[in-house]
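1. below are the sequence and a predicted model; questions follow.
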Amino acid sequence: MTIKRGMCLHAWPLALGLALAACQQAPEQKGEQKTEQAADNAASGKRDASEYLSQPLVSDIYTADPSAHVWNGKIYVYPSHDIDGPTPEDDLGSHFEMRDYHVLSMDKIGGPVTVGPVALDVKDVPWANKQMWAPDAAYKNGTYYLYFPAKDKEGAFRIGVATSKDPMGPFKAQPQPIKGSYSIDPAVFTDADGQSYIYFGGIWGGQLQRNIGGKYDPDGSKTDLKQDDKPAIAPRVARLNGDMLEFAEAPREIQILDDKGKPLLGGDHDRRFFEASWMHKHDGKYYFSYSTGDTHYLVYAVGDSPYGPFTYKGRILEPVEGWTTHHSIVEWGGKSWLFYADSQLSGQTRLRNVKVTELRYNADGSIQTINPLLPKKGAAH
């Protein structure tokens with residue numbers, strides 16, 4: 001698929017998307033072309049745009065792993081930037097060859113989206129070699145911080161940090177990764193008292209299983225520890241220094257428990273942690289959400305401290321089109337919003353597009369499960 005600049009850059013939850021269907025993610029088509037396209041979609045099994053709960057935020061670049069934040073009333077999204085490289089797909093994510101970041105911004109949900117220029121390129125990170133995967137950002141004391149994973153020259157994932165006075169960048173990377181960092185998917189949460197915490201980790205290609213004890217083992221398992229009857233590999237959390245550039249403590253393991261207070265087991269692939277940590281707060285409770293990876297669920301657990309333990313509660317998002325579910329949750333306009341990604345535009349796992357939809361809570365604080373896909377047209381009900 002050829003993606004051109006100048007396409008309409010809007011994101012719509014379904015109700016908005018159908019009501020304002022004139023704004024599409026492709027150039028205007030004649031009636032005959034639309035009919036032919038619908039027939040082609042039906043023949044190939046490809047879904048029509050109306051069969052997705054939400055539409056892509058942008059269509060001129062491929063983006064995934066959206067970390068959203070609201071600063072000064074404006075929404076900024078820090079995604080990874082997918083590119084179409086030559087590496088064959090594998091379970092370690094070797095085909096995700098991202099090399100830079102662009103920041104997205106919008107004044108409101110459903111409004112026009114600005115795609116910023118390159119905010120940080122791997123060539124400008126002294127210690128990094130390749131694979132700039134899912135980032136996050138934070139703001140403190142007049143400075144914006146971009147946290148990102150990348151593989152170093154030895155092939156180990158580390159977490160770096162870059163700074164800017166502008167939320168859109170450009171960001172200047174620190175010369176070395178955060179001391180003691182490893183694995184992927186950094187997510188920074190700042191509590192009401194001003195203290196900031198960084199959550200991170202991912203198994204399989206994210207190498208968490210190769211960093212047991214905090215030391216990288218290049219010959220470690222490619223997937224997990226193959227201990228289905230023992231507690232699952234745990235994500236990590238560490239308090240950040242006041243300058244937001246280093247850990248203030250050694251990373252701790254995060255306990256995720258079942259409703260009986262027992263740790264989730266490695267063989268519980270529908271609930272155990274895989275990657276994509278995110279932390280947010282609701283009604284005084286801490287909500288730790290994450291992806292189950294190979295079973296493609298976005299799930300959450302709730303606790304009373306930013307360190308946990310967290311009790312598993314349920315699913316936020318059913319499987320999307322595409323392999324993984326990396327997300328963020330943010331409040332804007334008096335509502336909560338879930339940012340996520342799928343492969344609607346390309347139909348390829350390696351080329352994704354970010355989306356947003358409203359997230360709703362029940363009276364007891366549980367999150368209503370969202371299905372990102374709607375029944376195909378003409379399907380039996």
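-> Received it, and whenever you're ready, just let me know what you need. Values in this document were obtained by computation on a predicted structure and should not be read as measured data.

2. can you list the weak-confidence ranges in the stretch 1-150 of the chain?
-> 1-45 (pLDDT under 70).

3. quick one: the helices in it?
-> Using DSSP state H, counting those that start in this stretch, the helices of the stretch 1-150 of the chain run over 14-19, 31-44.

4. any idea where the strands of the stretch 151-300 of the chain begin and end?
-> Applying DSSP state E, counting those that start in this stretch to the stretch 151-300 of the chain gives strands spanning 157-164, 172-173, 187-190, 196-200, 236-239, 252-253, 256-257, 275-282, 285-291, 298-303.

5. by contact count, what packs against the fifth one?
-> Strand 236-239 makes packing contacts with strand 196-200, strand 252-253 when contacts are defined by 3 or more C-beta pairs under 8 Å, 6 or more residues apart in numbering; DSSP states H and E. No exception for glycine: its C-beta is placed from N, CA and C like everyone else's.

6. try 6 Å
-> Judged by 3 or more C-beta pairs under 6 Å, 6 or more residues apart in numbering; DSSP states H and E, strand 236-239 is in contact with strand 196-200.

7. give me the distance from the strand it packs on to the chain's centre.
-> Its chain's average C-alpha position is 15 Å from that of strand 196-200, according to C-alpha atoms, centre = their mean, to the nearest Å.

8. partners of it, with directions?
-> strand 187-190 (antiparallel), strand 236-239 (antiparallel) (DSSP bridges).

9. ok, which of those strands comes nearest Glu318?
-> strand 187-190 (21.6 Å; C-beta to C-beta).

10. what pLDDT, on average, does that closest one get?
-> Per-residue pLDDT values over strand 187-190 give a mean of 99.

11. just the CA coordinates for it, please, in CSV.
-> Extracted C-alpha coordinates of strand 187-190, given in CSV (Å, rounded to 0.1, in the frame of the first residue of the first chain):
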residue,chain,number,x,y,z
ALA,A,187,6.3,3.5,30.9
VAL,A,188,6.7,6.4,33.3
PHE,A,189,4.1,7.2,35.9
THR,A,190,4.2,10.3,38.1
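
12. now the residue nearest to Ala128 when sequence neighbours are not counted: how far from Asp268?
-> Leaving aside its chain neighbours, Ala128 sits nearest to Ala150 (3.8 Å; criterion: C-beta to C-beta, 6 or more residues apart in numbering). Ala150 is 30 Å from Asp268, where distance means C-beta to C-beta, to the nearest Å.

13. neighbour count: these two, which is higher?
-> Ala150 (25 against 17; other C-beta atoms under 10 Å).

14. can you name the residues bridging to that one?
-> Beta-bridge partners of Ala150, as defined by DSSP bridges: Arg158.

15. you'd agree it is up against Met132?
-> Yes. Assessed by C-beta atoms under 6 Å, Ala150 is found in contact with Met132 at 4.9 Å.

16. what are the ranges of the strands in the stretch 1-150 of the chain?
-> 62-71, 74-82, 100-106, 113-121, 128-130, 136-140, 143-152.

17. what's the closest of those strands to Val354?
-> strand 62-71 (4.2 Å).

18. now do the buried residues in that closest one.
-> Neighbour-count burial for strand 62-71 flags Tyr62, Thr63, Ala64, Asp65, Pro66, Ser67, Ala68, His69 (criterion: 16 or more other C-beta atoms under 10 Å).

19. residue contacts, the second one?
-> The one in question is Thr63. By C-beta atoms under 6 Å, 6 or more residues apart in numbering, the residues touching Thr63 are Pro79, Val354.

20. for Tyr199, give its distance to Val188.
-> For Tyr199, the distance to Val188 equals 8 Å [C-beta to C-beta].

21. can you check Gly347 too?
-> 33 Å.

22. do Ile212 as well
-> Taken as C-beta to C-beta, the span from Ile212 to Val188 is 24 Å.

23. okay, those two: which has more neighbours?
-> Set Ile212 next to Val188 and count neighbours by other C-beta under 10 Å: Val188 wins out with 23 against 13.

24. neighbours around the closest residue to that one other than its chain neighbours, how many?
-> In space, and not counting its chain neighbours, Val188 is closest to Ala138: 4.2 Å by C-beta to C-beta, 6+ apart. Ala138 has 22 neighbours, counted by other C-beta under 10 Å.

25. so what sits opposite Asn317 in the bridge?
-> Check again: residue 317 is Leu, not Asn. Here Leu317, judged by DSSP bridges, has bridge partners Leu298, Ile370.

26. which residue sits closest to Asp283, ignoring its sequence neighbours?
-> Nearest to Asp283 is Gly365, by C-beta to C-beta, 6+ apart, at 5.9 Å.

27. let me know the pLDDT of the one you found.
-> Predicted confidence (pLDDT) for Gly365: 99.

28. can you tell me the helix or strand for it?
-> Here Gly365, judged by DSSP states H and E, is contained in no helix and no strand.

29. burial of it, as a residue count?
-> When neighbours are counted by other C-beta under 10 Å, Gly365 comes out with 13.

30. so for Leu317, which of the strands paired with strand 196-200 sits nearest?
-> When these are ranked by proximity to Leu317 (C-beta to C-beta), strand 187-190 comes first, at 16.3 Å.

31. contacts for that closest one, please.
-> Asp136, Ala138, Tyr147, Ser196, Tyr197, Ile198, Tyr199, Ser277, Trp278, Met279.
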